[in-house]
Structure formats: C-alpha cells, structure tokens
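**Q** predicted model and sequence below, questions to follow.
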Amino acid sequence: MAGGSEGQTPLDRPLAGRFVLLGVTGSIAAYKAAELVRLLIAAGADVQVLMTHSATQFIGPLTLETLTRRRAMLGALELLPDRRIGHIVAADSADAILVAPATARWMSAMADGLADDVVTATALASTAPVVVAPAMDGDMYAHPATRANVATLRSFGYTIVEPGTGPLASGQVGPGRLADLPLLVDAVAAAVAGRPIRQPDPRLRPPVDPASLPQDLAGWHVLVTAGGTAEPIDPVRFIGNRSTGKMGAAIAEAALSRGASVTLIKGTTSASLPAAAAIVEAPTTAEMRRAVLDHLPDADVLIMAAAVADFRPRQSSVTKLDRASGLTLELEATEDILAEASALARAPRGGANESARHRPVLVGFAAETGSLERASAKAVRKGVDLLVANDVSEPGSGFGTDTNRVTIVVPGEPPEAWPQLTKLEVAHRILDRVVAIRGGWGASSAS
C-alpha cells in the first residue's frame, strides 16, 4: 500500500507520514504532475491533488486520482462525502503545499490574495509551508510584474524553486521550464524538516476513496486484538497499562477497507473502533484468551496488537478493599495467548501441505522500552510468522499516539526498521506483508 519499497531508511522516505497538497495550475508542464505524485508517494507522502480549471485541460483528474486514491479537488465550494468543506479540511491538515507548475496568473492571484480557485483558497486558509515551482515562457517569467509577484510570495515565507533552462512550449530555449521533479520533492522535505506531523489521524484528513483500495483481503477473516487488559484487584481497581487500542483499530480499519471480514477482540480501549467490525468484549487476559481461541479456527490471520498484561493478582477480592488496611499484592503470570494460539494453529491437520495452507498467518506485537534486542528471540519463542516491535518510550511511537515507528522481525531474517508512519499506514504495510506471506505458502504448495 505505501509508496516505496520495504526496508527503506528515513532518509529514503523523508516525507513518511506527511500529508502533502499538490496544487496543479494551467501550464503545459501540468502533464508532469503524475510523475511528481509518484515521487512524493515514493518519499512517503500521503498526497491530495488540487487543480485549477485550466489545469484540467492539460491533464485529466482521473490520472491523478488513480495515483493518490483521493478525488482531486477542483473547486473551493466542494464538500467531502461527510459534508465537510474540502479545501478547509485540506488546509487544516496539510504538512506542506506544493504548487507545481505555478503559472504567472496563479502567482499574481496568490500575491493579491484572490481566492478565485481551489489552490489559492487553500493556500490562503493554511498555515502550512508553501513551495512554489513556476513554469512559463522565459520572457513572461522575466517580466517586472511576474518578478514583483515572486518577491511578494517570498515575503509570505513561501519557498520559490526557480525554473530551469531548456526548450519551452513556445519553441524558444531559455529559462522557464518546471524545475526537475526530484528538486521539488527535496524542497518539500526541507520545508517540513523538524516539524511534527500536523494531523497524523487520517480520519481528520480528506478521505481516501474506498473504491480505489485493492480488495486483496476479500473472503478473508481477519482476527485482531486491541487495547490493554484490566486484571482486577477488587471490583473497582485493576492492574492495567496505557494501551488505547489505536493500533489494533487501525489494523481492523485497514483490513475492512481491503475487503476482509474482521473480528475485533477488544480489551480496555479509548480509541474509536470501526463500526463494520464484529466487536468482542474481552477486558481481562483470561477472557481475551478464550475469545481468541474460540475464533481462531475460522481465522485466516491473527494479529495480536493488544497489550496483554503479563501478570495479574493471584487473588481478587469480591468486595472493595479498605485503603486503611494497606495492600500487598501477590502476582502470578497470565497465559501467553499468542504462544498458545501459535501451537494450536501449527498443529498438523492432515496432508503434508494441509497445515501450511489453511492455518492462519500469525502476527505478534512486542512493546519494548529502550531497546528492541529481545524482539528476535521473542518472535521465535512465540512461534509467529511476523513480529511487530516498537519502543513505546520513543516520542511518536508509544501508547495513545497517532503515529508509530516499528521494526519488523521475521524469524530467520534480519530485523527491518520502518520510519515513523501514521498507524493506518503501518497497518496497511503489515497487511501487505501478511498477503505476501500467505501468497508464499500458496507458491510453495504448488511447486
């Protein structure tokens, strides 16, 4: 799902998790917008295209919508499916706005603050950094009026990426060509460097068009656990953790959008859960174990994103304890749900290929602090196909955040660190790996 290839470093994906608006105006260089979108996505960006009316004469919106999985915004009065004002939502959630190509007319309107198209209206409504890449005839760019408008945009704090020199649409040779596209991606990356992701929750960005998502999980039953567990001390007190369930909810949402039926086993959560999932309440480790094992036989994938408690009180009081008498707790280890599910899933079911073909793909999570050194051994011990490890003490990667920085561990392979991404993007990338794992089983059984 994500742009770029697996195993890339943060330097390879400098826009990972960023939401970038690409404003396309009516220059013949607008045909380059498709390749520019591809480069932005490869750098990790989530992209929304804005187009002036004249831009649509040079490149069709459908091309850009296919690449971005979002409807292009063509007018300032357009509403999103949930009736929010499209360009305002885009303006409020953008990490950066890139206008490429920018015509002389657009720069004039922007310099004067005339919001008569969706690109100027969005830029006026946003505090995000703006990068402008002019493209026009050389004499037009050299005209004092255009130079004055360029100076005005610079005074706004906008970054101007000067056009290159070469053959122009007029047949002349000179300055005015749209700058090389990698330079534009670099300019956007420089504009957002050091800034936090502005709106990491994808639900608060303009929505992805569900019809554009691959339905590669159609017919699959995905079993997901989310949140923490609450091990009772007495009827009002418990041992728990800070898990909100956001990662598990993101996985469930991603799986649903790709055609799966989803059973979401929830412990203690505060995150919004997708209404289309079948929700099973399981607030304690014992209840979560029972729910997982009950649903496991019908699952194609088990993703244990829940932060299950490692210990619980050996005895729980049936009445509220009196604080005046003090409290000493004796703890016992809880069940290892994932290891037990793995042992059951891997038990032979028949022929030589029967177990591998029909057992669920097993994905575990490991929340660590300070180091992920134990993750590889844990992946082997738990018997998973894939372990997702993260350092919950790292900013933007812990409980309750909208982003995550994870390391993927596959038994027998070197760990693979991913850059910080939104949890929904992490979810889709995990599902990409799950599809690949299951596809590999099919290839092995056929050979």
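**A** Received, thanks.

**Q** what about the helices in the chain?
**A** For the chain, applying DSSP state H gives helices covering 33-42, 61-68, 86-93, 104-112, 118-125, 138-142, 144-155, 181-192, 246-257, 285-295, 337-346, 354-358, 375-382, 423-446.

**Q** packed most tightly, which of the ones you listed would that be?
**A** Among those, helix 246-257 has the highest mean neighbour count (mean count of other Cβ atoms under 10 Å), at a mean of 27. Bear in mind the C-beta positions are built from the backbone N, C-alpha and C, glycine included.

**Q** what's the angle between that helix and helix 423-446?
**A** Relative orientation of helix 246-257 with respect to helix 423-446: 60 degrees, computed using axes from the mean of the first three to the mean of the last three Cα atoms, to 10 degrees.

**Q** just give me the neighbour total for R374.
**A** R374 has 12 neighbours, counted by other Cβ atoms under 10 Å.

**Q** is it correct that it is in contact with A366?
**A** Yes: at 7.5 Å, R374 and A366 qualify as touching, with contact defined as Cβ atoms under 8 Å.

**Q** among the helices of the chain, which comes closest to I303?
**A** I303 sits nearest to helix 246-257 of all the helices of the chain, at 5.5 Å, using Cβ to Cβ.

**Q** other SSEs contacting the closest one?
**A** With contacts taken as 3 or more Cβ pairs under 8 Å, 6 or more residues apart in numbering; DSSP states H and E, helix 246-257 sits against strand 221-226, strand 261-266, strand 301-304, helix 423-446.

**Q** parallel or antiparallel, which strands does the first one pair with?
**A** Counting by DSSP bridges, the strands paired with strand 221-226 are strand 261-266 (parallel), strand 301-304 (parallel).

**Q** tell me the most buried of those?
**A** Of the strands paired with strand 221-226, the one with the most neighbours on average (mean count of other Cβ under 10 Å) is strand 301-304, at a mean of 28.

**Q** that one: how far from the chain's middle?
**A** Here strand 301-304 is found 19 Å from its chain centre; the criterion is Cα atoms, centre = their mean, to the nearest Å.

**Q** export that strand to CSV, keeping only CA atoms.
**A** Taking Å, rounded to 0.1, in the frame of the first residue of the first chain, the C-alpha atoms of strand 301-304 are listed here in CSV:
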residue,chain,number,x,y,z
VAL,A,301,-5.0,-14.1,10.0
LEU,A,302,-4.5,-13.5,13.7
ILE,A,303,-2.9,-10.1,14.6
MET,A,304,-2.3,-9.7,18.3
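
**Q** give me the residues contacting it.
**A** By Cβ atoms under 8 Å, 6 or more residues apart in numbering, the residues outside strand 301-304 that reach it are 220-225, 248, 251, 255, 292, 296, 337-338, 341, 345, 360-365, 430, 434, 438.

**Q** and the spatially most distant residue from the centre of the chain, how far is that from S317?
**A** The centre of the chain is farthest from one residue, S325, which by Cα atoms, centre = their mean lies 49.3 Å away. Distance, S325 to S317, using Cβ to Cβ, to the nearest Å: 11 Å.

**Q** and V20, by the same measure?
**A** Relative to S317, and taking Cβ to Cβ, V20 is found at 55 Å.

**Q** the more surrounded of these two?
**A** More crowded of V20 and S317, by other Cβ under 10 Å: V20, with 28 against 14.

**Q** tell me which residues touch the more buried one, please.
**A** Shown in contact with V20 (Cβ under 8 Å, 6+ apart): 40, 45-48, 94-98, 188.

**Q** ramachandran coordinates for the residue lying closest to it once chain neighbours are set aside?
**A** On the basis of Cβ to Cβ, 6 or more residues apart in numbering, the spatially nearest residue to V20 that is not a chain neighbour turns out to be A45, at 4.3 Å. Backbone geometry at A45, expressed as degrees, to the nearest 10, gives phi -80, psi 150.

**Q** quick check: A45 touching R18?
**A** Yes: judged on Cβ under 8 Å, A45 makes contact with R18 at a distance of 5.0 Å.

**Q** which one of those two has more residues nearby?
**A** A45 (29 against 26).

**Q** report pLDDT for that one.
**A** Listed pLDDT for A45 reads 93.

**Q** and what of P101?
**A** As predicted, P101 sits at a pLDDT of 97.

**Q** so what would you say the end-to-end distance of stretch 163-172 is?
**A** With Cα to Cα, to the nearest Å applied, stretch 163-172 spans 15 Å between its terminal residues.

**Q** so that it lines up with my notes, have the first residue be 52 from now on.
**A** All set: I'll call the first residue 52, so the last point we hit is now stretch 214-223.

**Q** buried ones in it?
**A** 214, 219 (16 or more other Cβ atoms under 10 Å).

**Q** what's the domain layout of the protein?
**A** For the chain, automatic domain parsing gives the domain ranges 70-255, 264-362+382-491.

**Q** what about the nearest residue to A426 once chain neighbours are set aside, distance to A151?
**A** Nearest residue to A426, sequence neighbours excluded (Cβ to Cβ, 6+ apart): A440, at 3.8 Å. For A440, the distance to A151 equals 38 Å [Cβ to Cβ].
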